[in-house]
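S.K.: Output the structure for:
(one chain, ligands or ions: 1)
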Amino acid sequence: MMRAAIYARFSTELQNEKSTEDQIALCRAYAVRNGLNVVAVYEDKARSGASLFGRDGLLTLMEAAGQKTFDTVVVEALDRLSRDMADLAGLHKRLSFLGIEIQAVHDGIADAVLIGIRGLVGQMQREDGAKKVRRGMAGVVRDGRHAGGRAYGYRPVLGRPGELEVVEGEAEVVRRIFDAYSAGRTPRDLAGELNREGIAPPRGTRWNGSTINGNAQRGVGLLFNELYVGRIVWNKVRMVKNPDTGKRVSRPNPKDQWQTKEVPHLRIIDEEVWQKAQALKVARVNACSHFKRRPAHLLSGLLRCGICGAGMSVHDRDKTGKTRIRCSAVRESGSCSNRRIIYLPEIEKAVLDGMRQQLKAPDLIEAYIRKYNQERRELAAQANSLRTALEGKRDRVEGERQRTIDLVIRSVIAEEDAKQRIAELKAQLSLIEAQLCSLDEPPSTVTLHPATLQRYAKTVDCLSKALADHATAADDRGPLIQNFRELVHSVTVHPKPARKGFEIEVKGKLAALIGGAAFPTARFTGKPTPLGGRHGAAVGDDSGCEVVAGDRYRLSPYSSDRRFLLRCLG
Ligand SMILES: [Zn+2]
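M.R.: Okay, the predicted model is just below:
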């Protein structure tokens with residue numbers, strides 16, 4: 001009898017979506033009709049079909065496929081596997097190679113032609129769905145309602161979705177910003193002033209120059225928001241999914257695709273002040289545009305201040321032309337105490353040397369995984385013992401409740417006397433049940449695929465070579481920078497007291513080390529599920545981790561990002 005694995009995916013993207021339970025039931029019925037023996041069920045909940053990232057159920061299935069624990073995969077429809085043409089074809093190719101068939105309840109056994117057609121249809125539907133959402137939002141804008149995020153100076157009207165009203169206190173701040181800007185004050189200077197007065201910023205903990213000034217290309221920032229002159233402008237950007245990371249990023253739309261709608265009741269700024277501010281803005285952008293075309297350096301955008309967490313940016317060059325950097329919060333808003341000015345080449349050298357040294361040890365990841373799994377197991381054990389204790393307590397309370405009822409039935413005690421006690425026990429029971437329900441599933445251990453280790457070794461080789469090249473070659477740093485930045489999430493510079501240098505913390509992307517961009521063999525997956533069991537990848541489940549290299553590993557089994565840390569001293 002052929003062994004079958006069922007795969008189900010529930011997406012939040014579509015309305016009238018079948019639950020995974022329904023999909024699994026359909027697949028089971030199909031299996032019975034076709035004489036298949038279901039040996040495993042894998043599922044992903046609330047996952048989009050647009051990308052394979054974050055779909056641990058599917059990744060676990062692929063891992064089990066590699067071990068040939070089943071002969072066929074049954075899905076309700078092929079787009080459950082993926083709605084991306086390339087991904088679907090890739091899955092089919094890998095499974096075919098392993099001698100595993102894909103069967104869909106509505107289509108039967110899938111061959112290459114069917115996979116091609118379904119992949120195409122799935123992709124078209126997905127793109128169509130995105131258009132529909134945009135059309136729906138266009139309708140909201142046409143109605144004079146506000147599609148999009150929250151804007152400073154306004155709040156949503158209760159009970160009337162999409163509608164906004166002016167918040168007078170915030171509107172006052174908006175007017176002040178526009179007036180001051182038109183009078184020649186700089187956004188940075190203004191941000192500092194607002195921070196000193198303790199006025200709450202639109203986002204985050206402080207005002208920055210960019211909160212006010214924004215980004216000319218993307219049109220964000222207070223000075224750009226046409227809502228302040230009673231115009232809703234929409235469709236300035238669209239969201240697209242990065243195929244390598246599965247993350248949504250925004251892309252600017254051409255101006256002729258922008259949509260506008262007049263909403264005079266939301267006007268905060270006079271036309272005259274607005275025009276003056278816009279004219280000034282254009283003049284200032286032009287005046288300083290020749291400063292902005294500096295070539296990006298190796299660590300551009302990766303540097304963080306160890307005191308406040310803000311970015312660090314180029315401060316100036318000294319007489320010999322060496323670049324110096326400083327915490328940008330000092331410059332933007334004066335809100336950070338880290339006024340140290342540090343030579344960029346020193347940081348670059350410390351980071352490169354440190355990483356080259358640390359990455360030479362190929363057992364780093366293995367050691368990390370061991371320690372990480374140990375912590376996961378401890379957490380799981382803790383969670384289990386808590387669950388066991390609660391279950392024991394529940395049984396005892398339930399027993400006492402039954403005995404009390406028994407006594408009433410046998411007229412040993414009067415019903416009146418027992419009433420209160422029974423009510424108390426019932427309250428206790430529901431409390432215990434609630435506690436039991438709120439217990440998280442214990443974390444599972446992670447396994448590292450052999451291909452992952454190979455990829456890791458290869459990445460380290462490439463990187464070491466690139467780093468070595470960098471030490472000698474002055475130019476042609478493009479491939480090196482790309483290679484390096486693929487691996488690095490951030491570089492935090494902690495200043496040490498009394499000018500005693502600094503400590504650098506390199507946060508690496510573990511996903512890059514283990515080949516996160518290459519589906520699906522090189523990735524963390526959940527623990528392989530025992531046959532016949534169900535693998536449910538909970539929403540938000542992650543194998544997050546941090547490693548501090550050197551002799552100690554700092555681990556955070558519940559951490560939400562996959563990172564490793566290296567410390568280098570400078
Ligand atoms: Zn800082």
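
S.K.: how about the residue of the stretch 151-300 of the chain found nearest the ion, secondary structure?
M.R.: In the stretch 151-300 of the chain, no residue comes nearer to the ion than residue 206, which is 10.9 Å away by C-beta to the ion. No exception for glycine: its C-beta is placed from N, CA and C like everyone else's. In three-state terms, and counting by DSSP: H, G, I helix; E, B strand; the rest coil, residue 206 is coil.

S.K.: Does it touch residue 192 like I think?
M.R.: No. In this structure residue 206 lies outside contact range of residue 192 using C-beta atoms under 8 Å: 9.3 Å.

S.K.: Could you name every residue contacting both of those two?
M.R.: Shared between the contact lists of residue 206 and residue 192 (criterion: C-beta atoms under 8 Å, 6 or more residues apart in numbering) are residues 333, 335.

S.K.: and the residue of the stretch 151-300 of the chain closest to the ion, backbone torsions?
M.R.: Residue 206 adopts backbone torsions of phi -150, psi 160, taken as degrees, to the nearest 10.

S.K.: what's downstream of the lengthiest helix in the chain, the next helix or strand?
M.R.: Scanning the chain for the helix with the most residues, using DSSP state H, yields helix 364-409. Counting by DSSP states H and E, the element after helix 364-409 in chain order, helix or strand, is helix 415-438.

S.K.: picking that back up, so for the longest helix of the chain, mean pLDDT?
M.R.: Per-residue pLDDT over helix 364-409 has a mean of 78.

S.K.: Likewise for stretch 308-326?
M.R.: For stretch 308-326, the mean confidence score works out to 85.

S.K.: With stretch 164-184 instead?
M.R.: For stretch 164-184, the mean per-residue pLDDT is 89.

S.K.: next one: stretch 226-238
M.R.: Mean predicted lDDT for stretch 226-238 stands at 79.

S.K.: Any idea how far apart the tips of it sit?
M.R.: Distances were taken as C-alpha to C-alpha, to the nearest Å; on that basis the terminal residues of stretch 226-238 are 18 Å apart.

S.K.: now swap in stretch 10-22 and tell me
M.R.: 10 Å.

S.K.: Give me the helix or strand of the protein that scores worst on average pLDDT.
M.R.: Across the helices and strands of the chain, mean confidence by mean pLDDT, DSSP states H and E is lowest for strand 534-537: a mean of 26.

S.K.: Check for me that residue 203 belongs to a strand.
M.R.: No. With three-state DSSP as the criterion, residue 203 is assigned coil and is not in a strand.

S.K.: That one: neighbour count?
M.R.: Counted with other C-beta atoms under 10 Å, the burial measure for residue 203 works out to 12 neighbours.

S.K.: Identify the residues contacting it.
M.R.: The neighbours of residue 203, taking C-beta under 8 Å, 6+ apart as the test, are residue 211.

S.K.: neighbours around the nearest residue to residue 393 once chain neighbours are set aside, how many?
M.R.: The spatial neighbour of residue 393 that comes closest, neighbours along the chain excluded (C-beta to C-beta, 6 or more residues apart in numbering), is residue 432 at 5.8 Å. Neighbour count of residue 432, defined by other C-beta under 10 Å: 19.

S.K.: residues in contact with residue 432?
M.R.: 390, 393-394, 397.

S.K.: mind giving me JSON lines with these and columns for distance to residue 338 and neighbour count?
M.R.: As requested, the contacts of residue 432 are arranged in JSON lines below (distance: C-beta to C-beta, whole Å; neighbours: other C-beta atoms under 10 Å):
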{"residue": "390", "distance to residue 338": "47", "neighbour count": "15"}
{"residue": "393", "distance to residue 338": "51", "neighbour count": "16"}
{"residue": "394", "distance to residue 338": "53", "neighbour count": "17"}
{"residue": "397", "distance to residue 338": "56", "neighbour count": "18"}
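
S.K.: Which ones among the residues you listed also lie next to the ion?
M.R.: Counting by C-beta under 5 Å from the ion, nothing from the contacts of residue 432 sits close to the ion.

S.K.: Would you mind giving these as JSON lines with distance to residue 174 added?
M.R.: As requested, these are exported to JSON lines (distance: C-beta to C-beta, whole Å):
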{"residue": "390", "distance to residue 174": "52"}
{"residue": "393", "distance to residue 174": "56"}
{"residue": "394", "distance to residue 174": "56"}
{"residue": "397", "distance to residue 174": "58"}
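
S.K.: Among the residues you listed, which one lies nearest to the ion?
M.R.: If you rank these by distance to the ion using C-beta to the ion, residue 390 comes first, at 45.2 Å.

S.K.: Was I right to think the closest one contacts residue 437?
M.R.: No. Taking contact to mean C-beta under 8 Å, the distance of 10.2 Å between residue 390 and residue 437 leaves them out of contact.

S.K.: who in the protein is up against the ion?
M.R.: Counting by C-beta under 5 Å from the ion, the residues of the chain that sit close to the ion are 305, 307-308, 310, 327, 329, 336, 338.

S.K.: Using CSV, please lay out these together with secondary structure and neighbour count.
M.R.: As requested, the residues of the chain next to the ion are arranged in CSV below (DSSP: H, G, I helix; E, B strand; the rest coil; neighbours: other C-beta atoms under 10 Å):
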residue, secondary structure, neighbour count
305, strand, 24
307, coil, 18
308, coil, 17
310, coil, 22
327, strand, 29
329, helix, 23
336, coil, 19
338, coil, 19
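
S.K.: Can you give me the domain assignment for the protein?
M.R.: Segmentation of the chain into domains, based on automatic domain parsing, reads 2-138, 154-292, 295-380+445-570, 381-438.

S.K.: weakest of these in terms of mean pLDDT?
M.R.: Within these, the stretch with the lowest mean pLDDT is domain 295-380+445-570, showing a mean of 59.

S.K.: you'd agree residue 225 is up against residue 154?
M.R.: No. Residue 225 lies out of contact with residue 154 (C-beta under 8 Å); the separation is 9.9 Å.

S.K.: Identify the contacts common to these two.
M.R.: Listed contacts common to residue 225 and residue 154 are nil; contacts here mean C-beta under 8 Å, 6+ apart.

S.K.: Assign a three-state SS to residue 89, would you?
M.R.: Assigned with three-state DSSP, residue 89 falls in the helix class.

S.K.: From the ion, how far out is it?
M.R.: Using C-beta to the ion, to the nearest Å, one obtains 48 Å as the distance from residue 89 to the ion.

S.K.: Report how many residues lie close to that residue.
M.R.: Each residue near residue 89 was counted by other C-beta under 10 Å, and the total is 16.

S.K.: That one and residue 222: what is the separation?
M.R.: Taking C-beta to C-beta, to the nearest Å as the measure, residue 89 falls 46 Å from residue 222.

S.K.: got it, and residue 177?
M.R.: Between residue 177 and residue 222 the computed distance is 6 Å (C-beta to C-beta).

S.K.: try residue 201
M.R.: When residue 201 is compared with residue 222 (using C-beta to C-beta), they lie 10 Å apart.

S.K.: Could you do residue 230 as well?
M.R.: For residue 230, the distance to residue 222 (C-beta to C-beta) stands at 15 Å.

S.K.: neighbour count winner among these two?
M.R.: Neighbour tally, residue 230 and residue 222, criterion other C-beta under 10 Å: the higher count belongs to residue 222, 24 against 17.
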